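# My questions are about this predicted structure, shown below with the sequence.
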Amino acid sequence: MRWLRYTDSTGTHYGLAEGERIRRVEGSPFDGHVPTDDWTSQDQVRLEVPVIPRTFYCAGLNYAEHAIEAARKRGQEPQLPKQADIGYRANNALVPHGHDVVMPPDARTIHYEGELVVVIGKQARHLTPENALDCVLGYTIGNDVSERNWQRSDRTFWRAKNSDTFKPMGPWIDTDFDPSRARTQVRVNGRTTIDFATAAMIFDVPTFLCAMTQYLTLYPGDVVWMGTDGQSPDLHAGDVVEIEITGLGTLRNTFVQG
């Protein structure tokens, strides 16, 4: 099942995608829903981010190559994380599939980070490895856009990671997706720049959810971005970045100068 959130002439709705068609529902995937007989097509509506999260979580360094390269750029000996480390992002930065990413005038080094996004569907606390995935509604795709110069100087990453439009997410939530055999591929202007096994995380989804819920409660609509692998080239105005995860879809955004 693929959940879309979209806007048409009557407002913003949730719908179920069937091919290129959308069936509008009353309600949402989080609090009960009833399908209607109102059908439309994706090219007739504006797609929105599939959920506005109550809390927007993100994994720290969670793929080996990305962690090693990050350490080397800091002039440090690479050491992989010894435990799942969680951070936060800001909702103001969210934009949907197809929306422009606006690079601020004083930004110098803009990179993408193609990520699997976990969407929470049920309230959860004190999860175990055996039941951790029971609270997951499904998955979507995120692009954790980063300004690397600011990332080195901004202690909280408040603008390096959270400037307006820096967090594309979408195009939908897929409730049947299995990350275990998927690959994440990133293309810039049609050329593949990164291709890695989506499940090749240092710490997998259950490990993160278990660690998090020992201290905090997850709520329906929360999202957890699971990190990325590899390194991004410097992006420039006019570049089109596509993040495709096998079986999940493609998130596409154009980078423009602010």
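Perfect, thanks for sending it. Residues are numbered from 1 along each chain as shown.

# Would you map the strands across the stretch 1-150 of the chain?
2-8, 11-18, 21-27, 33-41, 46-47, 56-59, 86-88, 94-95, 101-103, 110-111, 114-120, 136-143, 146-147 (DSSP state E, counting those that start in this stretch).

# export the ones you listed to CSV and tack on mean pLDDT?
CSV is the format used below for these (pLDDT from 0 to 100):
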stretch, mean pLDDT
strand 2-8, 98
strand 11-18, 97
strand 21-27, 97
strand 33-41, 96
strand 46-47, 97
strand 56-59, 97
strand 86-88, 96
strand 94-95, 98
strand 101-103, 98
strand 110-111, 98
strand 114-120, 98
strand 136-143, 98
strand 146-147, 98
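
# start to end distance for stretch 141-161?
One end of stretch 141-161 sits 16 Å from the other (C-alpha to C-alpha, to the nearest Å).

# what's the answer for stretch 50-59, then?
Span of stretch 50-59 from end to end, C-alpha to C-alpha: 20 Å.

# ok, residue 237 - contacts?
103, 255, 256, 257 (C-beta atoms under 8 Å, 6 or more residues apart in numbering). In this view, the C-beta of every residue, glycine as well, is placed from N, C-alpha and C.

# distance of the first one from residue 12?
To residue 12, residue 103 is 27 Å away according to C-beta to C-beta, to the nearest Å.

# Among these two, which residue is more densely surrounded?
Neighbour comparison, residue 103 and residue 12: the larger count goes to residue 103, with 22 against 11 (by other C-beta atoms under 10 Å).

# The more buried one contacts residue 111, correct?
No. Using C-beta atoms under 8 Å, residue 103 is not in contact with residue 111; the gap is 11.2 Å.

# Which neighbours do those two have in common?
With C-beta under 8 Å, 6+ apart as the test, residue 103 and residue 111 both reach residue 235.

# Okay, helices next: where are they in the stretch 101-250 of the chain?
Secondary structure of the stretch 101-250 of the chain (DSSP state H, counting those that start in this stretch): helices located at 148-153, 205-213.

# picking that back up, the contacts of residue 237: which two are farthest apart?
255 and 257 (8.2 Å; C-beta to C-beta).

# okay, the two: which has more neighbours?
residue 255 (20 against 12).

# roughly how far apart are the more buried one and residue 236?
Relative to residue 236, and taking C-beta to C-beta, residue 255 is found at 7 Å.

# Would you map the strands across the stretch 151-258 of the chain?
Under DSSP E, counting those that start in this stretch, the stretch 151-258 of the chain gives strands at 167-174, 183-188, 191-197, 223-225, 240-245, 249-257.

# Look up which residues are beta-bridged to the residue most central in space within the chain.
The chain has residue 142 as the residue nearest its centroid, 2.3 Å off, counting by C-alpha atoms, centre = their mean. Residue 142 forms beta bridges with residue 115, residue 169, as assigned by DSSP bridges.

# quick one: it from residue 37, how far?
From residue 142 to residue 37 the distance is 33 Å (C-beta to C-beta).

# got it, and residue 235?
Distance from residue 235 to residue 37, by C-beta to C-beta: 43 Å.
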